[in-house]
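Engineer: coordinates only, sequence not included:
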């Protein structure tokens, strides 16, 4: 019998442990002002996935289990404890007793079943549908009794209940009618009066002023308590202001009009915030390197460059490996992130301690030139630039998004570094959706530099990226059969990795996968930025995490000084 | 006169319809669509297809346009993808905010710019030169820089709130200052330059010299006789200024977090929120049409010799 | 007198733009990786001990990369090299201590050189576009004001339409159908065309009002009675009356066009890096909050723009009331 290790922990949250260690007296009461850049699309997290909707969900809803974003471990939440069957496919979860929604109705196993039904009813379009499926198949969820839920996975799935961190539990009594009418999509839109919303989270929505702010009040029926028995949340009120411009946001933070940002501080703004921190006006924390780095990839769809004489070298592994050798990652980190970045060579960064496997590539332009020569690109006419056998210059177009300084600076560095080894890069910056359409739909591009991020540190959750048939296998997605031998091998390995029960075996398999990736380098990574977060000095008892919202992932534990 | 107004209103309606239609068609033609934004690039093809079907984005442009037109006649302008509510609900509040901002800026610009233009255009010397200098400084600064600078000053001095719109009426006025200045000051400079030019031309006219010869005091000549004809130039473009103000204020609205029509349209454009873009463009056209109507009527008042009334009587 | 000053400044501006490859110490794309957002290197003649030297500069040393703080190394004098490599002046040690009279931008590129090279693009584009807007707008306005009636309505409503249409979408649509990599000349012509069309309505409105007004004045009716043709009436009498208005509008349009180039580059219709343009330089400067307090040299294109607009206005627009009027009082 497997029992989740975290189930042995008591109900004490790690955040209140931090408070005990630092001897800050955490008292109830007070209010906090957070800021987001854009309004949520609706109050329905099952339908909208933007940052605003996510924040509303974090504040007003709760899940069966919670992944502690600081430690990456699973904590019991609405589910007090759980046990797994012998084959690891069936889990039985016991709900915390006496939990009620913010409108007084008790939580039962039926609500859990209902939530799954609603998510699955939204079909492939629903943002949570993929997250709650394994290999494209749904989980079987049933109510054993009023406080016990049974969840059966279609295959053995090593991450197990971890996946349940994605699902906020919605009240059946409020949304059943909408689900039956097939209108779950329209439910809980922005014009819904706050009194109709009910959740299990620490706060309830009190007011929404379109374009300006959302106001949340404490949920008196919240089920969690602090270690010393104090009712959570500590805060009486949380206001979320909508501030579209990053400069204005920072000015407000410095002036004390905002307490917490839900996004990290950009490197070029660091100095201004540091000055304010030195003056005692704000708190600035360096969380170390983050989980995600931007990446360069080529269009590896077979036949994408048919008729183009450059097809002979544009899709070759050697080209990408040469790029990885040619770009000086120190210059990259210095120019793009002002030095506040670590070099990376694959999709995982050192931040993912549990799963990181790195094979550093030294900066070696000579080796890069040799690799390019091996695919027919040499300087045939002495002008310093490389040409192919037909005398055509080694030249390709690199697309990126306009209006994101990090991306624009990155491609400028790549262009300059590649020029040094004789490759010409034409950089074209496109507007956001125009770019996405090109690489995600029409596939009319040569190379793209963009952000491809992961949602969870566990690689099993990122199956879509690793598997050749996955939609996130961005360089050649949704393949019917693997186009290359090495992609076929990764397909095999990732499936074994997901099912393997032994964590050491999983790590070994994942190391193998990352090694194959490094051998063929379908995506080239350069540097991952360090994450800086800023908050006002009144905000205490916060355990920052690397993923957004860095400061508010555990809003029930946040407090202010009195 | 009333025939004239009726004709202008008819043209205004036509303008709104044409602009809205063109916006809808252009929005569909633009690369990418809302689904590319709402679903991550790695979502499956069925997910995207399902989303497109639900939003009606899989239909042809013609079919979607005709359906929108049919609904629009019943005053149903579609549903915004981004905010998941009817466009009809979203726009009035934001348009009102922009109208407040624009009219305040316009008032500031007119009350400051026009008189200064009269002064600088009716004399030579250091005062005229100084006014001209300040106007040119304000004119040559890009709106992005002006708003950023004013917000920066507001933050450093603490005299004004840093962005946002405020709650009570008084608080709202307090919040209005920075964005209204950001739009109003450069606009005042524009009006000042136009008025100075017009004033300078009128001042040289024979009737002015005649009045001076008759012994009318200088200030009376400037402010009574010469002023009205000199307003012609400003009156001609006033409507355009009003119209462009209401849709062109988005830079200021974004930086000062003033939730207006301009920033709504920008968000809608970025997200390819077709119905919302169409609604915003149509509202902008409505404002422009009203603005130009007002301006042409003002032109008629300012120079009766050239008014439509005369033409109709003739 | 003031118009002569204006003409002189404009002349200098145009001459420096044309001679940019000679006058600028660096190419627009040259960048110093260790000197991001570095302050200006001011040429000195006397060192700290009071001794005189040929013009030299002190190099900047990076103290803190993340905060982008620099310290001047006053122990090292780096003399300037004149007339070398086809450039008027440069630092003798360009790799370690480049001559940056207006500091460096966020890529470490010399702002002074980029302002000079950017003048070619921004001024050229603005001038061509303003000329185009003037011709187009005057033609439309004159036709509307002269012919009147239905044509007047049609033309004015068309200009209204152009004004209100979200130009961004037109630009996006254009971007989608054009090839990804556009030769700069095509781009220049296209942008000039777009700006001319977008700027014409303002001119058209004013010209129309003036032509309509002047048409009914006695001298115009007299000319007509004497048998003057439409063309003669327009060109000899009516259009010259619009001159004052049009020249002021041009002064207003030029800075708007310079900035609009940066806005259009958002949808991909701008000039690619590292081609310098004042609009893009200002846009990059505005994206960083620190610019006012810490990196004010990044705002030099705004000063350059002001100088151009100011001198343009000096040349084109009379300074206050005509002399005759003033003498009377």
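Structural biologist: Sure, I can see it. Please read these numbers as outputs of a predicted model, since none were measured by experiment. Residues are numbered from 1 along each chain as shown, chains lettered A, B, ... in the order given.

Engineer: C-alpha only now, for contacts and for neighbours.
Structural biologist: Will do.

Engineer: how many residues are close by residue A:529?
Structural biologist: If you count neighbours by other C-alpha atoms under 10 Å in any protein chain shown, residue A:529 ends up with 26.

Engineer: enumerate every residue touching it.
Structural biologist: Going by C-alpha atoms under 8 Å, 6 or more residues apart in numbering or on different chains, residue A:529 touches A:289-290, A:293, A:333, A:337, A:340-342.

Engineer: ramachandran angles for the nearest residue to it once chain neighbours are set aside?
Structural biologist: Nearest-residue entry for residue A:529: residue A:341, 4.0 Å, with adjacent residues in sequence omitted and distances by C-alpha to C-alpha, 6 or more residues apart in numbering or on different chains. Backbone geometry at residue A:341, expressed as degrees, to the nearest 10, gives phi -160, psi 160.

Engineer: distance of residue A:341 from residue A:368?
Structural biologist: Using C-alpha to C-alpha, to the nearest Å, residue A:341 is found at 24 Å from residue A:368.

Engineer: get me the contact residues on the stretch 1-150 of chain C for chain A.
Structural biologist: C:33, C:36, C:65-68, C:107 (C-alpha under 8 Å from any C-alpha of the partner chain).

Engineer: and the next element down the chain from the strand or helix carrying residue A:335?
Structural biologist: Using DSSP states H and E, residue A:335 sits within helix A:329-337. Going down the chain from helix A:329-337, the next helix or strand is strand A:341-343, by DSSP H and E.

Engineer: what packs against the next helix or strand after that next one?
Structural biologist: Proceeding N to C from strand A:341-343, the next assigned helix or strand is helix A:365-374, under DSSP H and E. Contact partners of helix A:365-374 among helices and strands, from 3 or more C-alpha pairs under 8 Å, 6 or more residues apart in numbering or on different chains; DSSP states H and E: helix A:317-326.

Engineer: where does chain B have low pLDDT?
Structural biologist: B:246-248, B:303-314 (pLDDT under 70).

Engineer: and it, which residues reach chain A?
Structural biologist: Close to chain A, as judged by C-alpha under 8 Å from any C-alpha, chain B has residues B:30-33, B:36-39, B:41-48, B:50-51, B:82-85, B:151-152, B:155, B:162-165, B:254-257, B:259, B:270-271.

Engineer: quick one, which of these are buried?
Structural biologist: By neighbour count, with 16 or more other C-alpha atoms under 10 Å in any protein chain shown, these hold B:30-33, B:36-39, B:41-45, B:47-48, B:50-51, B:82-85, B:151-152, B:155, B:162-165, B:254-257, B:259, B:270-271 as buried.

Engineer: thinking again about what came up before, and chain C, is the helix holding residue A:335 touching that?
Structural biologist: Yes - residues of helix A:329-337 are located near chain C by C-alpha under 8 Å from any C-alpha, namely A:331, A:334-335, A:337.

Engineer: out of the residues you listed, who's nearest residue C:19?
Structural biologist: Distance to residue C:19, by C-alpha to C-alpha, is smallest for residue A:335 among the residues of helix A:329-337 next to chain C, at 30.5 Å.

Engineer: list the contacts for the residue of the stretch 251-400 of chain A found nearest chain C?
Structural biologist: Going by C-alpha to the nearest C-alpha, chain C is nearest to residue A:271 of the stretch 251-400 of chain A, at 4.5 Å. Listed by C-alpha under 8 Å, 6+ apart, the contact set of residue A:271 reads C:66-68.

Engineer: distance of it from chain B?
Structural biologist: Note on residue A:271: its distance to chain B, by C-alpha to the nearest C-alpha, to the nearest Å, is 16 Å.

Engineer: any chance you could map the strands in the stretch 101-250 of chain B?
Structural biologist: Secondary structure of the stretch 101-250 of chain B (DSSP state E, counting those that start in this stretch): no strands located.

Engineer: cool, and the stretch 151-300 of chain A?
Structural biologist: A:203-209, A:213-218, A:237-242, A:260-261, A:282-289, A:294-298.

Engineer: ranking the ones you listed by burial, who's on top?
Structural biologist: Across the strands of the stretch 151-300 of chain A, the average number of neighbours (mean count of other C-alpha atoms under 10 Å in any protein chain shown) peaks for strand A:260-261, which reaches a mean of 27.

Engineer: what's it in contact with?
Structural biologist: Strand A:260-261 has contacts (C-alpha under 8 Å, 6+ apart) with A:32-36, A:253, A:533-536, A:539, A:551.

Engineer: if we can go back for a sec, could you dump the residues of the stretch 1-150 of chain C next to chain A to a markdown table with distance to residue B:71, neighbour count and pLDDT?
Structural biologist: Conversion of the residues of the stretch 1-150 of chain C next to chain A to a markdown table gives the following (distance: C-alpha to C-alpha, whole Å; neighbours: other C-alpha atoms under 10 Å in any protein chain shown; pLDDT from 0 to 100):
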| residue | distance to residue B:71 | neighbour count | pLDDT |
| --- | --- | --- | --- |
| C:33 | 58 | 16 | 81 |
| C:36 | 55 | 24 | 89 |
| C:65 | 58 | 18 | 88 |
| C:66 | 55 | 17 | 87 |
| C:67 | 56 | 18 | 87 |
| C:68 | 57 | 21 | 88 |
| C:107 | 51 | 21 | 86 |
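
Engineer: gap between residue C:18 and chain A?
Structural biologist: 26 Å.

Engineer: ok, the nearest residue to that residue once chain neighbours are set aside - contacts?
Structural biologist: Excluding its sequence neighbours, the residue lying closest to residue C:18 (C-alpha to C-alpha, 6+ apart) is residue C:120, at 6.8 Å. Residues in contact with residue C:120, defined by C-alpha under 8 Å, 6+ apart, are C:14, C:17-18.

Engineer: residue C:120: what secondary structure?
Structural biologist: Under DSSP: H, G, I helix; E, B strand; the rest coil, residue C:120 falls in the helix class.

Engineer: quick revisit: and of the residues of helix A:329-337 next to chain C, the nearest to chain B?
Structural biologist: Nearest to chain B out of these is residue A:337 (C-alpha to the nearest C-alpha; 23.6 Å).

Engineer: surely the closest one meets residue A:408?
Structural biologist: No - between residue A:337 and residue A:408 there is no contact, the gap being 11.7 Å when judged by C-alpha atoms under 8 Å.

Engineer: can you give me the helices in the stretch 51-200 of chain B?
Structural biologist: Secondary structure of the stretch 51-200 of chain B by DSSP state H, counting those that start in this stretch: the helices cover B:61-73, B:87-121, B:126-140, B:143-157, B:169-203.

Engineer: could you identify the helix or strand that succeeds the one helix or strand residue A:496 maps to?
Structural biologist: Per DSSP H and E, residue A:496 falls inside helix A:485-499. Per DSSP H and E, the first helix or strand lying C-terminal to helix A:485-499 is helix A:503-520.

Engineer: tell me how far that following helix lies from the chain's centre.
Structural biologist: 21 Å (C-alpha atoms, centre = their mean, to the nearest Å).

Engineer: same deal with stretch A:362-371?
Structural biologist: Counting by C-alpha atoms, centre = their mean, stretch A:362-371 comes out at 33 Å from the chain centroid.

Engineer: phi, psi of residue 105?
Structural biologist: If you meant another chain, say so; for now it's chain A. Dihedral angles (degrees, to the nearest 10) for residue A:105: phi -70, psi 140.

Engineer: let me rephrase: I mean chain C.
Structural biologist: Torsion angles, degrees, to the nearest 10, at residue C:105: phi -90, psi -170.
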